[in-house]
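Peer 1: Compute the structure for the input listed below.
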Amino acid sequence: DIAVYRAVPNFLVQFGVSNSPEMQAFTRIADDPLIGKPVVKGAVCFAASGANTRRCTICIFLGDYSSVLGKNPWETPIGMLRESYFPVLDSLYTGYGDIPQ
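Peer 2: Have a look, this model is predicted:
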């Protein structure tokens, strides 16, 4: 079981293996080339803090961030939720906000 451990209202939810010894076992994932896919509601991306820093955490975006994200290779979306799942996405609790890991 992997919990959603970061949920920022109107921004993103994040899940995966975070800040644990197990995370260090995962090899970094090389950045994808930019392909022009926008970071909009339902976009699925690896979490990253810069070039070639992606590992084992995933973000799903709760809104349109195409004006500020998706300009760097490490921000390339790897998938998209079907619009029919947006009600589930919208129902995730984001009241705890941005809790540092």
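Peer 1: Where does the residue nearest the centre of the chain fall, secondary structure wise?
Peer 2: For the chain, the residue lying nearest the average C-alpha position, counting by CA atoms, centre = their mean, turns out to be residue 59 (1.4 Å). Using DSSP states H and E, residue 59 falls within strand 57-61.
Peer 1: what's the helix or strand just after that strand packed up against?
Peer 2: Heading C-terminal from strand 57-61, the first helix or strand you meet, by DSSP H and E, is strand 79-80. Secondary-structure packing of strand 79-80 (3 or more CB pairs under 8 Å, 6 or more residues apart in numbering; DSSP states H and E): strand 43-46. Backbone N, C-alpha and C define where each C-beta goes, glycine included.
Peer 1: Strand partners (parallel or antiparallel) of the strand it packs on?
Peer 2: Here strand 43-46 is paired, per DSSP bridges, with strand 57-61 (antiparallel), strand 79-80 (antiparallel).
Peer 1: contacts for that strand?
Peer 2: If you take CB atoms under 8 Å, 6 or more residues apart in numbering as the criterion, strand 43-46 is touched by 29, 37, 39, 54-55, 57-61, 74-81.
Peer 1: can you rerun that using 10 Å?
Peer 2: With contacts defined as CB atoms under 10 Å, 6 or more residues apart in numbering, strand 43-46 is touched by 12, 14, 16, 29, 31-32, 37, 39, 53-66, 69-70, 74-81.
Peer 1: Per-residue pLDDT of the residue of the chain most remote from its centre, please?
Peer 2: Here the chain reaches farthest from its C-alpha mean at residue 21, the gap being 20.7 Å by CA atoms, centre = their mean. Residue 21 is assigned 72 on the pLDDT scale.
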